[in-house]
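Q: A structural model of the following input is requested.
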Amino acid sequence: MPLLGQVVAAQVTDSNDKEVFAQVSGHTLGILRAEFEQSPALGDTVHALLYTDKHDRLRGTTQMPKVRIDHYAFATVTQRMHSLGVFIDIGLPDKDIVVSKDVLPFDDAAWPQIGDRLLVALSVDKKGRLWGELATPEIFQAIAAPAKSGQQNETVKGTVYKVREIGAHVLTADYQEGFIHHSEWFSAPRLGEQVTARVIGTTQDHGLNLSLKPMAYEEISDDAQMILAMLQQAPQGTLPFSDHSTPDEIQETFAISKGAFKRALGNLLKQRLIQQADGQITLVQPDEK
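A: Residues are numbered from 1 along each chain as shown. Reported below is the predicted structural model:
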């Protein structure tokens with residue numbers, strides 16, 4: 001079916017309580033009756049996006065997704081499948097679209113997690129299957145706005161769209177392009193991850209240089225930096241340690257003495273980078289400071 005992923009004009013041929021049926025180019029498609037305030041009459045023309053559902057049946061929807069052929073928009077990741085890729089929700093009533101593992105990072109640890117988002121359009125392969133097509137760096141550059149004056153040390157939120165050994169590329173919520181050098185993170189962000197970063201400068205092409213490290217990072221000890229890095233990796237940014245933890249527990253986990261651990265905690269608490277309560281230490285988020 002050459003029109004998959006495109007909006008077509010189809011002629012209504014039948015309907016029931018659940019579906020409206022219409023024809024286009026000799027093919028019959030079903031559209032959910034609930035999408036119409038009033039069921040169209042036989043012979044009426046309806047405009048719908050064509051796709052095939054999970055049972056490979058031809059379907060249409062009048063609720064136009066923003067993601068279409070040559071139409072890029074952000075879509076949320078709903079599932080990961082190592083053998084196939086990741087599934088994204090583009091707004092179809094009964095189907096998620098796959099972004100192939102062939103266009104994702106080789107290491108699936110760097111793949112998007114459920115809830116992350118990707119800028120995609122639709123594409124159709126030679127077998128007539130719909131896929132999510134990742135936006136290229138050229139697409140991001142085309143839609144990006146230039147850096148503004150006075151943004152130094154500003155906190156911005158953005159979505160990671162490319163990760164390389166040298167650093168990660170980000171599109172901010174204000175559609176500015178940002179770059180995070182690998183020296184400015186504790187651990188590499190993943191594709192599709194939504195990050196909160198600090199502006200530390202501008203790039204030659206009027207983008208933003210960003211950091212995932214707190215402003216006080218340069219002022220804290222190596223031990224404190226290590227604890228921060230471990231908190232970054234921990235679920236909910238929390239570790240079950242405090243200044244009351246035993247020397248053996250501290251040595252086994254952090255490979256430092258209890259005295260060094262307490263000094264590092266004191267440094268981090270003073271900088272308001274962590275909180276300590278109920279025998280746990282927790283990373284302070286930027287909007288909590």
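
Q: ok, Lys54 - contacts?
A: 94-95 (Cβ atoms under 8 Å, 6 or more residues apart in numbering). Glycine gets a C-beta too; all of them are placed from N, C-alpha and C.

Q: Could you give the number of residues near the closest residue to Thr61 other than its chain neighbours?
A: Once flanking residues are discounted, Thr61 sits nearest to Leu49: 5.3 Å by Cβ to Cβ, 6 or more residues apart in numbering. Leu49 has 25 neighbours, counted by other Cβ atoms under 10 Å.

Q: For Leu49, give me its contacts.
A: Contacts of Leu49 (Cβ under 8 Å, 6+ apart): 5-8, 60-62, 64-65, 68.

Q: Kindly reformat these as a markdown table containing neighbour count.
A: Below are the contacts of Leu49 laid out as a markdown table (neighbours: other Cβ atoms under 10 Å):
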| residue | neighbour count |
| --- | --- |
| Gly5 | 23 |
| Gln6 | 16 |
| Val7 | 17 |
| Val8 | 18 |
| Gly60 | 24 |
| Thr61 | 20 |
| Thr62 | 15 |
| Met64 | 13 |
| Pro65 | 18 |
| Arg68 | 16 |
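
Q: Quick check: next helix or strand after the helix or strand of the chain with the lowest mean pLDDT?
A: Scoring the helices and strands of the chain by mean pLDDT, DSSP states H and E places helix 222-233 at the bottom, with a mean of 86. Scanning forward in sequence from helix 222-233 by DSSP states H and E, the next helix or strand is strand 238-239.

Q: Tally up the residues packed near the nearest residue to His71 once chain neighbours are set aside, please.
A: Nearest non-adjacent residue to His71, counting by Cβ to Cβ, 6+ apart: Ala121, 5.8 Å away. Residues lying near Ala121 (other Cβ under 10 Å) number 21.

Q: Kindly state the domain boundaries assigned to the chain.
A: Here the domain parsing of the chain from automatic domain parsing is 7-61, 73-135, 144-213, 218-288.

Q: follow-up on the earlier one: list the buried residues of the least confident helix or strand of the chain.
A: Of all the residues in helix 222-233, those buried under the rule 16 or more other Cβ atoms under 10 Å are 223-225, 227-228, 230-231.

Q: ok, now stretch 251-265?
A: Buried residues in stretch 251-265, counted by 16+ other Cβ under 10 Å: 254, 256, 258, 260-265.

Q: Repeat that for stretch 4-22.
A: 4-8, 10, 12, 15, 19-22.

Q: ditto for stretch 73-89
A: Buried, per 16+ other Cβ under 10 Å, within stretch 73-89: 73-77, 80, 85-89.

Q: What ranges in the stretch 151-289 of the chain fall below the confidence cut-off?
A: 215-219, 286-289 (pLDDT under 70).

Q: Can you give me the pLDDT of Arg129?
A: With respect to pLDDT, Arg129 has a value of 87.

Q: Please report phi then psi for it.
A: phi -100, psi 140 (degrees, to the nearest 10).

Q: which residues sit in contact with it?
A: Counted by Cβ under 8 Å, 6+ apart, Arg129 has contacts Thr52.

Q: just Leu134 next, same as before
A: Leu134 neighbours (Cβ under 8 Å, 6+ apart): 99, 103, 118-120.

Q: Could you identify the most distant pair in the residues you listed?
A: Within these, Val103 and Leu119 form the most distant pair, 12.5 Å apart (Cβ to Cβ).

Q: So which of these two has more stuff around it?
A: The neighbour comparison of Val103 against Leu119 (other Cβ under 10 Å) goes to Leu119, with 21 against 13.

Q: Tell me where the stretch 151-289 of the chain has strands.
A: 155-163, 167-172, 177-181, 194-202, 208-211, 238-239, 274-277, 280-283 (DSSP state E, counting those that start in this stretch).

Q: mind listing what's buried in the third one?
A: When neighbours are counted by 16+ other Cβ under 10 Å, the buried residues of strand 177-181 are found to be 177-180.

Q: distance between it and the chain's centre?
A: On the basis of Cα atoms, centre = their mean, to the nearest Å, strand 177-181 sits 16 Å off its chain's mean C-alpha point.

Q: and if you look at the fourth one?
A: Its chain's average C-alpha position is 16 Å from that of strand 194-202, according to Cα atoms, centre = their mean.

Q: Show me the strands paired with it, marking each as parallel or antiparallel.
A: strand 155-163 (antiparallel), strand 208-211 (antiparallel) (DSSP bridges).
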